[in-house]
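In: return atomic coordinates for the entry below.
(one chain, ligands or ions: 1)
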Amino acid sequence: MFVSDCLGVNQQGHLTIGGRDTLELAETYGTPLYVMDENEIRRACRSYIGSINKYYDGKGAVAFASKAFCCRAMCRLAAEEGLCLDVVSIGELHTALSAGFPAERLYFHGNNKTVEELTAALEQGVGRIVVDNPTELELLNQLALAKGTKAAVSFRIKPGIDAHTHAYIRTGQIDSKFGLALETGEAMATITAAAKMEGIAVKGIHCHIGSQIFDVEPFEDAARVMLGFMAQVKQATGLELEELDLGGGFGIKYLPEHDPVEYERYMQQVSTVVKETCAKLGIATPFVTIEPGRSIVGSAGITLYKVGAVKEIPGVRTYVSVDGGMADNPRYILYQSEYDFVAAARAAQPKDRTVTVAGKCCESGDLLGENVALQEVHPGDVLAVLATGAYNYSMSSNYNRIPKPPVVFVKDGEARVVVKRETLDDLIRNDLL
Ligand SMILES: Cc1ncc(COP(=O)(O)O)c(C=O)c1O
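Out: Next comes the predicted model:
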């Protein structure tokens, strides 16, 4: 009935998440409110870990892309479930380490890591630094030499795959700010140089072709290209790369008509391609890492809002305004992301009207959905936006000086606040005058 299995309807006809009544949650914790079903997140983690172990014979790892949802509770959960973690900034690194996440299970990504970030990564013993470009490689080598250490690195490669997704979340083609190009010889030249550097230990290569991808083929193609390049590196330099990180990007169900590939099927098909290609090329099967973000947390989360004004413009449209918007969910204004909406008190009733859900920020584009189907709603009602567990809290801002909402985890009928609501004083904490 809903886009996520953790959602349901109780006897009162109210929307539930993880067995909890969303109206009660909104009443207890206020709105806007992010709610995540912890069991759903753990289920996704276990399913990924189980299938990577199965299809790569225990020679694989799952790194949660923390950019999708980064807070200490999530880092702790990922550690407990045996995942690695992808971080892209000193802030994500700090969050992970402060939650006790083991540094050796961290992958440090990013296309423009600062000296401060690279230094912290070396000092903290981050497992892999994923080098993006020759400038960074040079800098990292110098920093490692100065510290008398060796940085274990992987290289971000652009495999040149078009993953049929929104231009802003497509990253594997040559015109991308991320990574090293194969076509121009940049990738080969950079790795060849790295192999001679005293401060660098070359471990593998990495790619990430985009996000919210519904086909297996682009992942298979990327694997073939990456393995082909590994074979070329071996032939040209004698260097045998041991690790292949195939990134994340697996799509989730935002709308009822979305039909994501089952992660088990993805793993089975891509691992077959990996093994067959390695055999054909005469290289050893590498240790394979994947980096799902959205598909671990996206479906586990919803956002609850309180409806304010309902503005009917005859012959034009009906605006339903809510007490949040682009500050807590900038994905609509960024890339017109689509969501499923539910009037929490009438969750089982048919969606018999078409409305535009507007945020409260001072931007005309601050919408959460345009011309979406919804049940009857009135001022004061609770409105749920579904599948908001990824890239919502983590992308939230204080635009218009709106305090960020709290994050509540529900598990087996119990709810706990894992990130508290920002206060008005939080907003002025760093103002000096
Ligand atoms: C390097 C890298 N890995 C993994 C991910 C996670 O992608 P997704 O959330 O689509 O699985 C991203 C997303 O931008 C990324 O840049």
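In: can you classify Y34 by secondary structure?
Out: At Y34 the chain is in strand, as set by DSSP: H, G, I helix; E, B strand; the rest coil.
In: contacting residues around it?
Out: Y34 sits next to 301-303, 328, 388-389, 392-393, 405-408, 419 when contact means CB atoms under 8 Å, 6 or more residues apart in numbering. Quick note: C-beta positions are derived from backbone N, CA and C, even for glycine.
In: at 10 Å what do you get?
Out: Applying CB atoms under 10 Å, 6 or more residues apart in numbering, one finds that Y34 lies in contact with 69, 301-304, 324, 328-329, 388-389, 392-393, 396, 404-409, 418-419.
In: what do you get for V382?
Out: Contact criterion CB under 10 Å, 6+ apart gives 14-15, 22-27, 31, 33, 304-307, 322, 342-345 as the residues in contact with V382.
In: whichever of the residues you listed end up buried, select them in PyMOL.
Out: The buried subset of those, as determined by 16 or more other CB atoms under 10 Å, is captured in PyMOL by this line:
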select buried, resi 14+15+22+23+25+26+31+33+304+305+306+307+322+342+343+344+345
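In: ok, which of the contacts of V382 also contact the ligand?
Out: With CB under 6 Å from any ligand atom as the criterion, the subset of the contacts of V382 in contact with the ligand is empty.
In: so which of the contacts of V382 belong to helices?
Out: Counted as lying in helices by DSSP state H, out of the contacts of V382, are T22, L23, E24, L25, A26, E27.
In: where does the protein come near the ligand, residue by residue?
Out: Counting by CB under 6 Å from any ligand atom, the chain comes close to the ligand at 65, 67-68, 86, 109, 208, 211, 247-250, 291-295, 390.
In: and the gap between the residue of the chain positioned farthest from its centre and the ligand?
Out: Counting by CA atoms, centre = their mean, the extreme residue of the chain relative to its mean C-alpha position is P314, 39.9 Å from that point. According to CB to the nearest ligand atom, to the nearest Å, P314 and the ligand sit 41 Å apart.
In: quick check: end-to-end length of stretch 348-361?
Out: The separation between the terminal residues of stretch 348-361, taken as CA to CA, to the nearest Å, is 30 Å.
In: so what's S394 up against?
Out: For S394, the contacting residues are A65, S66, K67, A68, F69, C70, C71, M74, E92, G293, V297, by CB under 10 Å, 6+ apart.
In: by residue count, what's the longest helix in this structure?
Out: The residue-count maximum for a helix in the chain (DSSP H) belongs to helix 217-237.
In: check which helices and strands the next helix or strand after that one sits against.
Out: With elements assigned by DSSP states H and E, the helix or strand that comes after helix 217-237 is strand 243-245. Under the contact criterion of 3 or more CB pairs under 10 Å, 6 or more residues apart in numbering; DSSP states H and E, strand 243-245 touches strand 60-65, strand 128-131, strand 151-158, strand 200-206, helix 217-237, strand 287-290.
In: longest strand of this structure?
Out: Among the segments of the chain that qualify as a strand by DSSP state E, the longest is strand 301-313.
In: that one pairs with which strands, and in what direction?
Out: In the sheet containing strand 301-313, the strands it pairs with under DSSP bridges are strand 33-37 (antiparallel), strand 317-322 (antiparallel), strand 382-386 (antiparallel).
In: quick one: these as JSON lines, columns for mean pLDDT too.
Out: Formatted as JSON lines, the entries for these read as follows, by pLDDT from 0 to 100:
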{"stretch": "strand 33-37", "mean pLDDT": "98"}
{"stretch": "strand 317-322", "mean pLDDT": "98"}
{"stretch": "strand 382-386", "mean pLDDT": "98"}
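In: tabulate these (JSON lines), appending distance to A144.
Out: Formatted as JSON lines, the entries for those read as follows, by distance: least, CB to CB, whole Å:
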{"stretch": "strand 33-37", "distance to A144": "38"}
{"stretch": "strand 317-322", "distance to A144": "50"}
{"stretch": "strand 382-386", "distance to A144": "45"}
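In: give the contact list for T28.
Out: Applying CB under 10 Å, 6+ apart, we find T28 in contact with R20, D21, V408, A415, V417.
In: still on that earlier bit, looking at the contacts of S394, spot the one nearest N39.
Out: For N39, the closest of those turns out to be V297, at 12.5 Å, with distances computed as CB to CB.
In: and that closest one, what element?
Out: Assigned by DSSP H and E, V297 belongs to helix 294-297.
In: what mean pLDDT does that helix get?
Out: Model confidence over helix 294-297 averages 98 on the pLDDT scale.
In: with only the CA atoms kept, save that helix in PDB.
Out: Listed in PDB are the C-alpha atoms of helix 294-297, where the atom choice follows Å, rounded to 0.1, in the frame of the first residue of the first chain:
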ATOM      1  CA  ARG A 294      20.000   6.300  -0.100                       C
ATOM      2  CA  SER A 295      19.000   2.600  -0.300                       C
ATOM      3  CA  ILE A 296      20.000   2.000   3.300                       C
ATOM      4  CA  VAL A 297      18.200   4.900   4.900                       C
END
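In: picking up where we left off before, adding mean pLDDT, write the helices and strands packed on strand 243-245 out as JSON lines.
Out: Converted to JSON lines, these look like this (pLDDT from 0 to 100):
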{"stretch": "strand 60-65", "mean pLDDT": "98"}
{"stretch": "strand 128-131", "mean pLDDT": "98"}
{"stretch": "strand 151-158", "mean pLDDT": "97"}
{"stretch": "strand 200-206", "mean pLDDT": "98"}
{"stretch": "helix 217-237", "mean pLDDT": "96"}
{"stretch": "strand 287-290", "mean pLDDT": "98"}
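In: will you turn those into JSON lines that also has mean neighbour count?
Out: Compiled in JSON lines, those are given as follows (neighbours: other CB atoms under 10 Å):
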{"stretch": "strand 60-65", "mean neighbour count": "27"}
{"stretch": "strand 128-131", "mean neighbour count": "28"}
{"stretch": "strand 151-158", "mean neighbour count": "24"}
{"stretch": "strand 200-206", "mean neighbour count": "23"}
{"stretch": "helix 217-237", "mean neighbour count": "19"}
{"stretch": "strand 287-290", "mean neighbour count": "22"}
